[in-house]
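Chemist: have a look at this prediction, sequence included:
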Amino acid sequence: MDDFPPEHRSKPPRVIENHAFLHGPAARPLRILGEYLYPATTFRDERVTDTVAFFGSARVQPPASMRRAGDLSGQDYAGPPEAVNRYYVHSRELARQVTDWSLKNAEPRGRRILVVTGGGPGIMEAANRGAQDAGGQSIGLNIELPHEATANPYISPHLNISFQYFFMRKYWFLYFARALIVFPGGFGTLDELFETLTLQQTRTIKNVIPVFLFGREFWNRLINFEYMAEVGLISPNDLKLFTIVDSVDEAMERLADVFNQLFQE
């Protein structure tokens with residue numbers, strides 16, 4: 001016989017509300033599925049059709065003239081020299097022009113070309129900031145890292161998504177991508193760059209995604225791609241998987257060609 005009257009019996013939480021279970025190892029497939037379904041629903045509701053991904057270092061800081069009280073960039077790092085910090089300005093201006101092009105040319109024709117970043121400081125902040133400068137929206141795909149700052153304040157709030165799993169975050173970086181702009185960066189930037197190049201080299205991704213490496217001096221000093229082809233580690237044709245650009249005007253000219261092709265599909 002039950003010693004407790006009905007009014008003293010506690011009702012257990014529903015499984016979907018059981019915090020301990022949802023954050024335990026047994027529910028990992030549910031968390032992964034959630035990181036697929038939530039962005040898919042958000043992007044559908046927001047009519048996202050195309051993106052331009054901006055990759056680059058979180059350590060790059062804006063010039064002193066751009067800094068504001070409480071700026072997220074460089075809070076945890078001494079930061080790179082000004083020769084590298086100048087890429088913040090280029091990222092911001094290029095993102096502004098991409099967003100402006102979309103507002104004037106794509107959205108009237110039923111498409112939305114949105115800037116997408118990793119949501120953090122540095123180059124990512126600059127790109128989200130540039131989209132805001134143009135009066136447009138932008139996406140931030142954040143990742144939980146122990147040493148990383150919080151999401152930058154320029155992401156459109158309803159397009160600010162935080163991930164636990166790197167591979168799901170990378171999936172959404174590329175799913176709508178029509179181009180990648182890769183600014184100078186560290187291990188994370190190189191990881192994203194080479195994974196994208198590998199997917200296209202091995203033809204295991206459906207979309208052809210033009211890759212633009214921004215900053216000729218940086219990329220030519222960092223990696224000798226031609227030598228890799230010379231010694232037979234990659235095919236000479238693999239050198240066509242990316243293009244090095246050295247200015248906002250050059251990058252935007254090439255991106256406009258990519259965008260115009262969208263309307264011929």
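Modeler: It's in.

Chemist: return the helix or strand encompassing Val258 as PDB; C-alpha atoms alone will do.
Modeler: In the assignment (DSSP states H and E), Val258 maps to helix 248-262. Output of helix 248-262 as PDB, limited to C-alpha atoms (Å, rounded to 0.1, in the frame of the first residue of the first chain):
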ATOM      1  CA  VAL A 248      38.600  44.600 -51.100                       C
ATOM      2  CA  ASP A 249      37.900  45.800 -54.700                       C
ATOM      3  CA  GLU A 250      39.500  42.700 -56.200                       C
ATOM      4  CA  ALA A 251      37.600  40.400 -53.800                       C
ATOM      5  CA  MET A 252      34.300  42.100 -54.400                       C
ATOM      6  CA  GLU A 253      34.700  42.000 -58.200                       C
ATOM      7  CA  ARG A 254      35.200  38.300 -58.100                       C
ATOM      8  CA  LEU A 255      32.400  37.800 -55.600                       C
ATOM      9  CA  ALA A 256      30.000  39.800 -57.900                       C
ATOM     10  CA  ASP A 257      30.700  37.300 -60.700                       C
ATOM     11  CA  VAL A 258      29.900  34.500 -58.300                       C
ATOM     12  CA  PHE A 259      26.700  36.100 -57.200                       C
ATOM     13  CA  ASN A 260      25.500  36.900 -60.700                       C
ATOM     14  CA  GLN A 261      25.900  33.200 -61.600                       C
ATOM     15  CA  LEU A 262      23.400  32.400 -58.900                       C
END
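
Chemist: contacts for stretch 177-194, please.
Modeler: Residues outside stretch 177-194 that contact it (C-beta atoms under 8 Å, 6 or more residues apart in numbering) are 50-60, 84, 87, 90-91, 94, 113, 116, 118, 123, 170, 173, 196, 207, 209-215, 218-219, 222, 251, 255, 258-259, 262. Placement of C-beta: from N, CA and C, glycine included.

Chemist: rerun that using 7 Å as the cut-off
Modeler: Here stretch 177-194 makes contact (C-beta atoms under 7 Å, 6 or more residues apart in numbering) with 50-57, 84, 87, 91, 94, 113, 123, 170, 196, 207, 209-215, 218, 251, 255, 258, 262.

Chemist: just the ones of the residues you listed in strands?
Modeler: 50-55, 113, 211-214 (DSSP state E).

Chemist: average pLDDT across stretch 47-63?
Modeler: The predicted model assigns stretch 47-63 a mean pLDDT of 93.

Chemist: look up how far Pro184 lies from Ile223.
Modeler: In this view, Ile223 and Pro184 are 12 Å apart by C-beta to C-beta, to the nearest Å.

Chemist: of those two, who's got more company?
Modeler: Pro184 (23 against 14; other C-beta atoms under 10 Å).

Chemist: what's the nearest residue to that one if we skip its chain neighbours?
Modeler: Phe218 (4.6 Å; C-beta to C-beta, 6 or more residues apart in numbering).

Chemist: roughly how far apart are that neighbour and Glu144?
Modeler: For Phe218 relative to Glu144 (C-beta to C-beta), the value is 29 Å.

Chemist: element containing the closest residue to Asn160 other than its chain neighbours, please.
Modeler: In this structure, Asn160 finds its nearest non-sequential neighbour in Gly140, 4.8 Å apart by C-beta to C-beta, 6+ apart. Using DSSP H and E, Gly140 maps to strand 138-143.
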